[in-house]
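J.: attaching a predicted model along with its sequence, questions to come.
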Amino acid sequence: MYESLFGVYNANYLEIFTTLFDFGGYLRLGFLFIGLPLLFWLLFYYLWKYPYGRFLHWLVWLLASAVTVLVTTWLVADHAIFDSGNQALADALGDAESGYKAYAEGLPMRYALINAGLSLAVGFMASLVMKQFSRIQMHLPF
Amino acid sequence: MKTRYFALWFVMAALLFNACSSQSGRDRKAAPAQGKDAVTEAPSSPGTNLEAPLKTTPETYPPALGKVIFFLENSESMFGYVSGISRYVGVVSELAEKPDFVKEDISREFFFINGDGPVLTPIGDDPVVLKKKLNTAGFRCGDITRSNLNGMFQTALAAAGGGTITILISDGIYDIGDGGMTSLVTSGKETRSRFIKRLQNGNLQTVMIKLTSEFRGNYFYASRKGKIAINSERPYYIWIFGESSLLGKYFPDSYIAGELAGYETLARFLKPDNGDLPWQVVSDNSLGSFRFDHRVKNRLVGAKPDRNGQGFQFTVAVDFSTLPFPDSYYLSAANYETEGKFEVSEVRKAVKKIHGLSFTPTHLISVKTMKNPAGKMSLSLASRIPGWISETASEDEEAIGTDVSHTFGLNYLTDAITDAYRSVSEERHLATFTVEIQ
């Protein structure tokens, strides 16, 4: 999805994308933009007992989940690329002439922004579903 | 109502999660009956399809060189090469005492060979004794009146293989007696049969080297009776038979061209194997855009031509180091054949490190198309006969007194060897690389 839909791919740096695919990096990124929003909205709808919640609360929570996804994704992607355990990628990153390092340094933020955006969509849909089963925040977002 | 919402939510979550897997993965699921060429179990291995399975050496257990057997034709037609100091004598001496053989204490045996039988005259295993016989007096043994080139080949071929290399040195002229040109044709067919029979019993590489030397003696016409005294340069040939790995190690082109005085050119004949070269598609020198499939090696997905109308191009990185041909052969785009809409646009040596490969490529072959790139691209390194072989052959020996570079009837001999190697192999190409493009 990141490669084909969002175009985060460059055939000149194949080792990075092979590593993300082979070492489960993409799987972890996918889990983050789905799992973290779900966790956030579970807390919001089922553990938050404040009965006068407003749309602004909901919006802040949505943004908070997106920021959390952004930061977590950045950390996870950075680790998946720079501490992958794949010696071939480590060699490529260490080769100054290859350009791998310069290219790789921009990737975690790209993944983070994509995941943050996706988490907003997932969070919005999740809230529409969860509100049906909430006894307190059933009126949010609208 | 709530149950319906739950179901909807789960379906959406599943769809989003599934979308994280690559496009190529879905492609593969959708097309389980892909050709065997493209399917591999090891995504990190180069060229792991049937055209080029992962393996870096042609022989799993290359034999060590144990013995080298020399066969020196000593029919009277060869006397001109040893009547005095000549490059021929220097070359035989060099080969007999090749530094590698001396350092590794490789056993050597020397034989003269002539006559119809052919007649083998043992010289022993001492290069010093051999050198003492490199003169007309020393050559005068066995049946010097006749030579049987086919018999010589049979003898040399039969002894080669495993840890043994055989070397045959001859003027390469068939002794066809009174049979005329018809006999030349039948002799060539017989040569072919000798090679085929030997090659059926195991693969063997043949190196054919053309050299020239001073020649002061009689030239015996092959196409008619009679002889003519010649005092000029004449070509002669060395055939070396043995396992490819041994010939590659002990007789590289650099040694042959640098150490054998009078060296002109060479050709190597080997049974195309077409299954051992590491190769992989790389993005170097590419035009347009594509992605590498993560699951199927050497499959490109999302291929799109260049937006500026430059077409679509990608590069195949190959390690040719296990093949015995000179660089010039691999670097010539004319030696490659393509199937499909692609054509070879550039071949160059790999000079810088390419990351993402588990082997070190020697050459980069770029292929290009101006059409829609989708489909299969097959690129093959052809097995071509060097041009010098046909240029050296002559069917007329009347001007032999002034001809210093041609050999009468050589084309029948070389055609026979070529045909033999082709007939024992189903594979016509030295290597084939198939890439699937989607």
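T.: Received, thanks.

J.: now do the contacts for the residue in the stretch 201-350 of chain B positioned nearest to chain A.
T.: Closest approach between the stretch 201-350 of chain B and chain A, counting by Cβ to the nearest Cβ: residue B:283, at 3.6 Å. In short, each C-beta sits where N, CA and C put it, glycine included. The contact partners of residue B:283, by Cβ atoms under 8 Å, 6 or more residues apart in numbering or on different chains, come to A:11, A:12, A:14, B:290, B:314, B:315.

J.: same check, this time on residue A:20
T.: A:26, A:29, A:80, A:81.

J.: just checking, the second one touches residue A:72?
T.: No: contact status for residue A:29 versus residue A:72: not in contact, 9.8 Å apart, counting by Cβ atoms under 8 Å.

J.: those two: which is more packed in?
T.: When residue A:29 and residue A:72 are compared on other Cβ atoms under 10 Å in any protein chain shown, the one with more neighbours turns out to be residue A:29, at 25 against 20.

J.: what helix or strand is that one located in?
T.: Taking DSSP states H and E as the definition, residue A:29 sits inside helix A:25-42.

J.: other SSEs contacting that helix?
T.: helix A:14-22, helix A:55-82, helix A:100-130, helix B:2-18 (3 or more Cβ pairs under 8 Å, 6 or more residues apart in numbering or on different chains; DSSP states H and E).

J.: these: which one's closest to residue B:162?
T.: Smallest distance to residue B:162 across the helices and strands packed on helix A:25-42 (Cβ to Cβ): 41.7 Å, for helix A:14-22.

J.: quick one: the closest one to helix A:25-42, angle?
T.: Orientation note: helix A:14-22 sits at an angle of 50 degrees relative to helix A:25-42 (axes from the mean of the first three to the mean of the last three Cα atoms, to 10 degrees).

J.: tell me which residues of helix A:14-22 come out buried.
T.: A:14, A:15, A:16, A:17, A:18, A:19, A:20, A:21 (16 or more other Cβ atoms under 10 Å in any protein chain shown).

J.: burial measure for residue B:426, as a count.
T.: Around residue B:426 there are 8 residues (other Cβ under 10 Å).

J.: which stretches of the stretch 51-200 of chain B form strands?
T.: Per DSSP state E, counting those that start in this stretch, the stretch 51-200 of chain B carries strands over the ranges B:67-73, B:107-114, B:119-124, B:164-170.

J.: mind giving me the packing neighbours of the second one?
T.: Just to be clear, that refers to strand B:107-114. Looks like strand B:107-114 contacts strand B:67-73, strand B:119-124, helix B:127-132, helix B:149-159 (3+ Cβ pairs under 8 Å, 6+ apart).

J.: can you put the ones you listed in a markdown table and add distance to residue B:359, mean pLDDT and mean neighbour count?
T.: Formatted as a markdown table, the helices and strands packed on strand B:107-114 follow (distance: least, Cβ to Cβ, whole Å; pLDDT from 0 to 100; neighbours: other Cβ atoms under 10 Å in any protein chain shown):
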| stretch | distance to residue B:359 | mean pLDDT | mean neighbour count |
| --- | --- | --- | --- |
| strand B:67-73 | 32 | 95 | 23 |
| strand B:119-124 | 45 | 94 | 16 |
| helix B:127-132 | 40 | 93 | 16 |
| helix B:149-159 | 34 | 88 | 22 |
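
J.: for residue B:249, give its distance to residue B:361.
T.: 21 Å (Cβ to Cβ, to the nearest Å).

J.: which one of the two has more residues nearby?
T.: residue B:361 (24 against 15).

J.: now that one: closest residue in space that isn't a chain neighbour?
T.: The shortest distance from residue B:361 to any non-neighbouring residue, by Cβ to Cβ, 6 or more residues apart in numbering or on different chains, is to residue B:317 (3.7 Å).

J.: who's in contact with the one you found?
T.: Residue B:317 neighbours (Cβ under 8 Å, 6+ apart): B:279, B:280, B:281, B:282, B:284, B:350, B:354, B:357, B:361, B:363, B:364.

J.: out of these, which comes closest to residue B:147?
T.: residue B:363 (41.8 Å).

J.: ok, the residue nearest to residue A:78 when sequence neighbours are not counted to residue B:74 distance?
T.: Excluding the flanking residues, the one nearest residue A:78 by Cβ to Cβ, 6+ apart is residue A:108, at 4.3 Å. The spacing between residue A:108 and residue B:74, counted by Cβ to Cβ, is 77 Å.

J.: of those two, who's got more company?
T.: Legend: neighbour count by other Cβ under 10 Å for residue A:108 and residue B:74, higher for residue B:74 (31 against 19).

J.: just to revisit the earlier point, wait, a helix at the residue nearest to residue B:361?
T.: No: going by DSSP: H, G, I helix; E, B strand; the rest coil, the assignment for residue B:317 is strand, not a helix.

J.: count of residues packed around the closest residue to chain B within chain A?
T.: In chain A, the residue that lies nearest chain B is residue A:30 (3.0 Å; Cβ to the nearest Cβ). When neighbours are counted by other Cβ under 10 Å, residue A:30 registers 20.

J.: okay, the strands of the stretch 51-200 of chain B in CSV with distance to residue B:397 next?
T.: What follows is these, written out as CSV (distance: least, Cβ to Cβ, whole Å):
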stretch, distance to residue B:397
strand B:67-73, 18
strand B:107-114, 20
strand B:119-124, 25
strand B:164-170, 16
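
J.: name the SS class of residue B:384, please.
T.: coil.

J.: quick one: contacts for it?
T.: residue B:335.

J.: what about it, distance to chain A?
T.: 32 Å (Cβ to the nearest Cβ, to the nearest Å).

J.: return the per-residue confidence for that residue.
T.: Per-residue confidence at residue B:384 stands at 80 (pLDDT).

J.: where's it relative to residue B:431, distance?
T.: Distance from residue B:384 to residue B:431, by Cβ to Cβ: 13 Å.
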